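A.B. asks: Fold the following, please.
(4 chains)
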There are 2 protein chains.
Amino acid sequence: MDAAPTVIADRISAIVNSMTRSEKRIARVLLARYPAVGLESVTEFAKQAEVSAPTVLRFIAKLGFGGYPDFRRALREEIDESQLNPLTKPRIENIDAGTEYGNELLGVVRSTLAELDMGLVEKVTELFSDERRSINILGGDLTTTVASHLFFHLRKMRRLVFSLPATIQERADRIVDLGKRDIVVLFDIRRYQADIIKTARIASQKGCTVVLFTDQWMSEASEVATHVFRARVGTSSPWDSLLGLNAIVETVALSLDRRLWSMVRPRLEVMERYKVDLLDQETTSTPPE
Amino acid sequence: MDAAPTVIADRISAIVNSMTRSEKRIARVLLARYPAVGLESVTEFAKQAEVSAPTVLRFIAKLGFGGYPDFRRALREEIDESQLNPLTKPRIENIDAGTEYGNELLGVVRSTLAELDMGLVEKVTELFSDERRSINILGGDLTTTVASHLFFHLRKMRRLVFSLPATIQERADRIVDLGKRDIVVLFDIRRYQADIIKTARIASQKGCTVVLFTDQWMSEASEVATHVFRARVGTSSPWDSLLGLNAIVETVALSLDRRLWSMVRPRLEVMERYKVDLLDQETTSTPPE
DNA sequence: GAATATATGAAATTTTTATAACATAAACGG
DNA sequence: CCGTTTATGTTATAAAAATTTCATATATTC
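C.D. replies: Model prediction:
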C-alpha cells in the first residue's frame, strides 16, 4: 500500500497550499529546520512556529500520524534510511494533467545540458578565472535577465565585471575602451538583435575575446565569437524558454566557483561585512534629538 | 572558538576502548543507528542496548551532557548543521561533476514542476488578466533576475506593469500609492530579505493582493501573501539555483498568454510597429550634409 | 579469598510531555 | 449583518520520560 517511500517533507510540500494560516506557519518552520524541529517536544515546536501545542498536534494528526510520538518515530526512521542511501532516493513524480508544458520545459533543460560541451565550460572557466581581464556582459531584449544572472554570479566571485549599457550611445562610449585583454559576453537568441551582432563584430575586431550564449540555430554573432554556448529555447508556445540558457549559466558559475573557491570564500566574507556595515550606517544616520 | 564542529559520534569512537561492557554496548548501538537511537527515549535506547536506563544516563553524563534532553538537543543541532549550513555542504571536486550537477539542475526543475499547483497557476492567471489592477514586481538580491523575467513577459502582454524600486527610499514613495486594486509580486528565497518581508506586510496591510514566489522553506512573507508559489532552489553547490523559479514564471507567463491571446497578439503587433518607427527615427536623425 | 571499589539494575519519584476538554476567536455563507 | 462552521488557544489531566535512590552484582586489589 505505502509502496512510495514518501518523505514526510514532500507530503507537506504537496499540500501546503490547502493549509490554514497556522498550519502554514508550522509547515514553514518544519521544512526550514527539517527534520530537527520535529524531534523536539510539541511545546518547543509550537513555540518556534508561534502557535499553540494543540495546533501542532492537530497538524500532525491531519498528516495521518497517530500522535506526536508516532510522528517523531517516522522522522527517526527517515533519518535511519537516509543513512543507508544518502540522497539517492528515487523521486517518483506525480503527474498532473496540466503539466504538459512542464514536460516541455524539462525537455529544454535536459537536451541543453545533454548537448553541453563540458570541455568548453572548462575553457571558459579558465578564461573567466583570469582576473586581469575585464568581463563585459550584454544581453538582448529577452535574454537580459539571464545576462544579469551571470553578472550577479561573476560579480560575487571576482573584480572587473561590468554590464554593457543597453542604449547604443552609452555602449559605444564603453566599447571604445575595450582591447585584447577584455572579454565580451553576449546573449543572443532568435529574433536576433542587430545591435548585439554588431557589438560582437566590433569587439572581435578590437581583439576582445567574445563569449556568446545563443540558441541552437546560432546567432550570426557566432561567426566572430571565440566561444559559443548553445541552448535549447524552443517550446510549443510562442515564447521561447530561457531555462536552458539559465542552466548553462549556472553550470559555468558553479565551475568557476569551484576553481576560485579559495579566493571566493574570503571575498564573500568581506562583502558580507561591508553589507552589515552599510546597513548599520543607514540606521545610525538619524541625527540625535 | 568552536572551530572544530565536534561530532558526538567521533567523540564516542575516540574513547570507546576505555569503556565498560555496558557502555560499549550503548556506544555500539548508538553508532550503528546514529543519530536516530539517541532521539528516542532513554528507556527505548536502553532496551535496544540491552542495558538499563540509568546506565545510559550515566553514559551520556560521562560524555559531558547535563542530562538526556541536553544530549538530544545536541544531536538535533548536529542534524540542523549538517543539512542547512551552506558552508558545510559537501563539495564534490570531481572532474565529471559537471554532468552530475546537470542532473541536479534537472532535478530542481522536475520537482518544482511536479509540486506546482496548477490550480494556483489558474488563479494567478485570472488575477493577472484583470487589466484594471496594476502589477508591481520586486525581486531580492539574487532573484531580481527572475523578477525581471516575469516583468518582461507581463509587460508584453498588458499595461500597468511596474517594477518596484530596489532602494528603500524610492520604494516607500511608491508603496504609499498602492491600494486594494493593486497587485504586488514578490520574490524571496533563502537568505530571506527583511525588506521584502516588510514590503509584503505593508502591501498586505494596504489591501493589495500579494503574490509570492519563494523556495520550499517559504519566506515569512508567505504569512501575509494571498498566493504563494514554491520552487526548489537547493543543490549540492553553495549557490542556489533559479531554474525552478524560472520554470514557474514561464509557466505562469504562458498560461496568461493563452488566456489573453486575443488581446496580446494585436498588442505585440503594435509594439513591433512602434519599435521599427523608433529605430527609423534614430537613423534619420542625422542632419543632412 | 576477603575487603573495597566500581558498575549495574529495579523501583520510586520528580519532571516533562502529550493529549483531551472546553472556551474563544476567526472565517464563512446566506 | 447574522448565525453557523471552522480554527485556534487555554486550562486541566493523563501518560511518559527522566532522574534519583538504593540494593545488588561484578570486578579489583592486596
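A.B. asks: for the record, mean pLDDT for the helix ranked longest in chain A?
C.D. replies: When chain A is parsed with DSSP state H, its longest helix is helix A:243-284. Averaging pLDDT along helix A:243-284 gives 86.
A.B. asks: centre of the chain versus it, how much separation?
C.D. replies: A distance of 13 Å separates the centroid of the chain from that of helix A:243-284, by C-alpha atoms, centre = their mean, to the nearest Å.
A.B. asks: before we move on, what about stretch A:211-226?
C.D. replies: Using C-alpha atoms, centre = their mean, the offset of stretch A:211-226 from its chain centre is 23 Å.
A.B. asks: what's it in contact with?
C.D. replies: Outside stretch A:211-226, the residues that touch it by C-beta atoms under 8 Å, 6 or more residues apart in numbering or on different chains are A:124, A:127, A:143, A:146, A:183-190, A:192, A:196-197, A:200-201, A:203-204, A:209-210, A:227-234, A:240, A:245, A:248-249. Just so you know, the C-beta spots here come from the backbone N, C-alpha and C atoms, and that holds for glycine as well.
A.B. asks: give me the residue from the stretch 51-200 of chain A nearest DNA strand C.
C.D. replies: Proximity of the stretch 51-200 of chain A to DNA strand C (C-beta to the nearest atom of the strand) peaks at residue A:67, 2.3 Å away.
A.B. asks: burial measure for that residue, as a count.
C.D. replies: By the criterion of other C-beta atoms under 10 Å in any protein chain shown, residue A:67 has 12 neighbours.
A.B. asks: How about residue A:57?
C.D. replies: 17.
A.B. asks: What does the pLDDT read for residue A:238?
C.D. replies: For residue A:238, the pLDDT comes out at 82.
A.B. asks: wait, doesn't it sit right on residue B:257?
C.D. replies: Yes. Using C-beta atoms under 8 Å, residue A:238 is in contact with residue B:257, at 6.8 Å.
A.B. asks: between those two, who's got more neighbours?
C.D. replies: Taking neighbours as other C-beta under 10 Å, residue A:238 and residue B:257 compare with residue B:257 leading, 18 against 12.
A.B. asks: which residues touch that one?
C.D. replies: By C-beta under 8 Å, 6+ apart, the neighbours of residue B:257 are A:237-239, B:153, B:157, B:264.
A.B. asks: from these, which would you call buried?
C.D. replies: Buried by 16 or more other C-beta atoms under 10 Å in any protein chain shown: A:237, B:153, B:157, B:264, out of these.
A.B. asks: which residues does the residue nearest to the last one when sequence neighbours are not counted contact?
C.D. replies: Excluding the flanking residues, the one nearest residue B:264 by C-beta to C-beta, 6 or more residues apart in numbering or on different chains is residue B:157, at 4.9 Å. Contacts of residue B:157 were listed using C-beta under 8 Å, 6+ apart, and they are B:253, B:256-257, B:260, B:263-264, B:267.
A.B. asks: Skipping adjacent residues, who's closest to the residue nearest the centre of chain A in space?
C.D. replies: Centroid-nearest residue in chain A, with C-alpha atoms, centre = their mean: residue A:250, separated by 6.4 Å. Closest residue in space to residue A:250, ignoring its immediate chain neighbours: residue B:241 at 5.6 Å, by C-beta to C-beta, 6+ apart.
A.B. asks: For the one you found, the count of nearby residues, please.
C.D. replies: Neighbours of residue B:241 under the rule other C-beta under 10 Å: 27.
A.B. asks: again with residue A:248
C.D. replies: Other residues near residue A:248 come to 26 when the count uses other C-beta under 10 Å.
A.B. asks: Straight-line length of stretch A:51-68, end to end?
C.D. replies: Start-to-end span of stretch A:51-68 (C-alpha to C-alpha, to the nearest Å) is 16 Å.
A.B. asks: Next, the buried residues of it.
C.D. replies: For stretch A:51-68, the neighbour count (16+ other C-beta under 10 Å) marks A:51, A:53, A:55-60, A:65, A:68 as buried.
A.B. asks: Tell me which stretches of chain A form helices.
C.D. replies: For chain A, helices defined by DSSP H occupy the ranges A:8-15, A:21-32, A:42-49, A:53-62, A:68-84, A:100-115, A:118-129, A:144-157, A:168-175, A:194-205, A:243-284.
A.B. asks: Redo those helices as a markdown table? Include distance to residue B:24.
C.D. replies: Shown next, in a markdown table, are these (distance: least, C-beta to C-beta, whole Å):
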| stretch | distance to residue B:24 |
| --- | --- |
| helix A:8-15 | 34 |
| helix A:21-32 | 36 |
| helix A:42-49 | 32 |
| helix A:53-62 | 36 |
| helix A:68-84 | 21 |
| helix A:100-115 | 50 |
| helix A:118-129 | 49 |
| helix A:144-157 | 49 |
| helix A:168-175 | 71 |
| helix A:194-205 | 70 |
| helix A:243-284 | 41 |
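A.B. asks: what's the closest of these to residue B:114?
C.D. replies: Comparison of these against residue B:114 by C-beta to C-beta identifies helix A:100-115 as nearest, at 7.8 Å.
A.B. asks: Now do the closest one: which elements does it pack against?
C.D. replies: strand A:227-231, helix A:243-284, helix B:97-115, helix B:243-284 (3 or more C-beta pairs under 8 Å, 6 or more residues apart in numbering or on different chains; DSSP states H and E).
A.B. asks: Contacts for it, please.
C.D. replies: By C-beta under 8 Å, 6+ apart, the residues outside helix A:100-115 that reach it are A:96, A:230-237, A:241, A:243-245, A:247-248, A:251, B:102, B:105-106, B:109-110, B:113-114, B:116, B:243, B:247, B:250-251, B:254.
A.B. asks: So for that helix, what gets flagged as buried?
C.D. replies: A:101-102, A:104-110, A:112-113.
A.B. asks: Including pLDDT, could those residues go into TSV?
C.D. replies: Putting the buried residues of helix A:100-115 into TSV (pLDDT from 0 to 100) gives the following:
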residue	pLDDT
A:101	81
A:102	82
A:104	85
A:105	88
A:106	87
A:107	85
A:108	88
A:109	89
A:110	86
A:112	87
A:113	87
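A.B. asks: tell me the contacts of the nearest residue to residue A:29 once chain neighbours are set aside?
C.D. replies: Among residues not flanking residue A:29 along the chain, residue A:49 sits closest, at 4.3 Å (C-beta to C-beta, 6+ apart). Residue A:49 makes contact with A:22, A:25-26, A:28-30, A:56, according to C-beta under 8 Å, 6+ apart.
A.B. asks: Name the nearest residue to residue A:249, sequence neighbours excluded.
C.D. replies: residue A:150 (4.8 Å).
A.B. asks: Distance of the one you found relative to residue B:276?
C.D. replies: When distance is defined by C-beta to C-beta, to the nearest Å, residue A:150 is 30 Å away from residue B:276.
A.B. asks: Neighbour count: these two, which is higher?
C.D. replies: residue A:150 (27 against 10).
A.B. asks: and that one, what does it touch?
C.D. replies: Residue A:150 sits in contact with A:137, A:185, A:249, A:252-253, where contact means C-beta under 8 Å, 6+ apart.
A.B. asks: Dump these to CSV, plus neighbour count.
C.D. replies: Formatted as CSV, those follow (neighbours: other C-beta atoms under 10 Å in any protein chain shown):
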residue, neighbour count
A:137, 24
A:185, 31
A:249, 28
A:252, 25
A:253, 22
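A.B. asks: out of the buried residues of stretch A:51-68, who's near DNA strand D?
C.D. replies: Restricting the buried residues of stretch A:51-68 to those near DNA strand D by C-beta under 7 Å from any atom of the strand leaves A:51, A:53, A:55, A:58.
A.B. asks: Closest to chain B out of those residues?
C.D. replies: residue A:51 (11.6 Å; C-beta to the nearest C-beta).
A.B. asks: Among the buried ones among the contacts of residue B:257, which one lies nearest to residue A:40?
C.D. replies: The shortest gap between residue A:40 and any of the buried ones among the contacts of residue B:257 belongs to residue B:153, at 43.3 Å (C-beta to C-beta).
A.B. asks: does the closest one really touch residue B:253, like I thought?
C.D. replies: Yes. Using C-beta under 8 Å, residue B:153 is in contact with residue B:253, at 3.8 Å.
A.B. asks: where do the contact lists of the two overlap?
C.D. replies: residue A:239.
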